[in-house]
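**Student:** Task: produce atomic coordinates for the following.
(chains A, B and C)
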Amino acid sequence: MPELPEVETIARGLHKRVAGDSIEDVWLSGKSPTFKSQPREILATLPSARIVAVRRMGKHIVFDLERNGVQRWKARAVGRRTRIGKSNEAMSSHPQWIVHLGMTGRMVVCVPSEEVVKHTHAIVKLASGRELRFIDPRRFGRLSVTARGNFEAGGLEPLEVDRGQFVTLFRGRKTPIKSALLNQKLLRGVGNIYADESLFRAGIRPRRRASSLTREQLERLYASVQQVLKKAIALGGSSVSDYVDADGEEGFFQLEHRVYGREGEPCLVCKTPVKRVVLSGRSSHYCPNCQR
DNA sequence: ACTATTTCCTGGATGC
DNA sequence: TGCATCCAGGAAATAG
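**Tutor:** Predicted coordinates for the structure are as follows:
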């Protein structure tokens, strides 16, 4: 399940491989709801665009694109005024291609002769002769296009927010702190694994109401989130459920997991068995002794 | 205005 | 071996 560190790793890998390349052609599986934008809009936007950069926003991969053929589109739009607004993204000279990997989404760069595996939903032909493919068995991933500046990835970037902002974000919320951490509208990029791992390191139980936490506890949580995310990025993310980066390499942060996926196993600090509770439909792992 | 629950998906694990 | 059932979970949609 790609969260911030995995998406960061993938985006960096993709940038290294395809920045500067151009999109020549696009094929889409047409399997809704993989596409958040209309497929026709994606097909109108991507071909002939140059990939300026690939980066991460929250859990989204953002391809910054540049189009030169804008005049052609404007000319065509003159005769059909109603399309001007609707084809806005395709019109933009600096569109963005937004990819959310969901649970099982993968982006791979390969040669065209590579077998097209089951659940391939997009194939992007590049001028260099390679292909960029989006593969997503469970189809929780989403593809969309937008004009530059339109895309809102959610709340604040966890690694850009300062301590005071972080405290303000959560203080006073009645919801469990774990749920608040997962809320992308507050902080964008933290998912189930890193929420659990951050809460363990801060010594806070997932079910604690955010409003019941002291400033000191929130500050400790802030430090934990920073530490966990940075370390996870340094290790290339967590490889669970066959996650691999853009180069097909596994990450190693799963070796640093202290509670996630360790139900019943002894806490690495105090040996108390790790507990698992379901919190708003999601598994939450914690040490009942170390976390209060 | 908030918060909680349901829904979308398929592969892998489990149970009989 | 085969078949049914359950579970994983991000975020949008829906309900409270």
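
**Student:** Can you tell me which residues in chain A are near DNA strand B?
**Tutor:** Counting by CB under 7 Å from any atom of the strand, the positions of chain A adjacent to DNA strand B are A:32-33, A:103, A:118-119, A:137-140, A:173-176, A:179, A:280-281. The way it works is simple: take the backbone N, C-alpha and C, and place the C-beta from them, glycine included.

**Student:** of all those, which two lie farthest apart?
**Tutor:** The widest separation within the residues of chain A next to DNA strand B, taken as CB to CB, falls between A:Lys118 and A:Lys174 and amounts to 44.1 Å.

**Student:** circling back to that earlier point, would you show me how to pick out the buried ones of the residues of chain A next to DNA strand B in PyMOL?
**Tutor:** Listed next is the PyMOL selection for buried residues among the residues of chain A next to DNA strand B, using 16 or more other CB atoms under 10 Å:
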select buried, chain A and resi 119+137+139+173+175+176+179
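
**Student:** Please go through the residues of chain A next to DNA strand B and note which also touch DNA strand C.
**Tutor:** Near DNA strand C, by the rule CB under 7 Å from any atom of the strand, you find A:Met103, A:Arg138, A:Phe140, A:Gly281 out of these.

**Student:** which of those lies closest to A:Ser92?
**Tutor:** Nearest to A:Ser92 among those: A:Phe140, at 27.2 Å, using CB to CB.

**Student:** I'd guessed that closest one sits against A:His119; true?
**Tutor:** No - look at A:Phe140 against A:His119 with CB atoms under 8 Å: they stay out of range, at 11.7 Å.

**Student:** And the residue nearest to A:Ala195 when sequence neighbours are not counted, how far from A:Pro273?
**Tutor:** With CB to CB, 6 or more residues apart in numbering as the criterion, A:Ala195 has its nearest non-adjacent residue at 4.2 Å, and that residue is A:Leu181. To A:Pro273, A:Leu181 is 23 Å away according to CB to CB, to the nearest Å.

**Student:** Name the residue in these two with the higher neighbour count.
**Tutor:** For the pair A:Leu181 and A:Pro273, the greater number of neighbours falls to A:Leu181 (25 against 14), based on other CB atoms under 10 Å.
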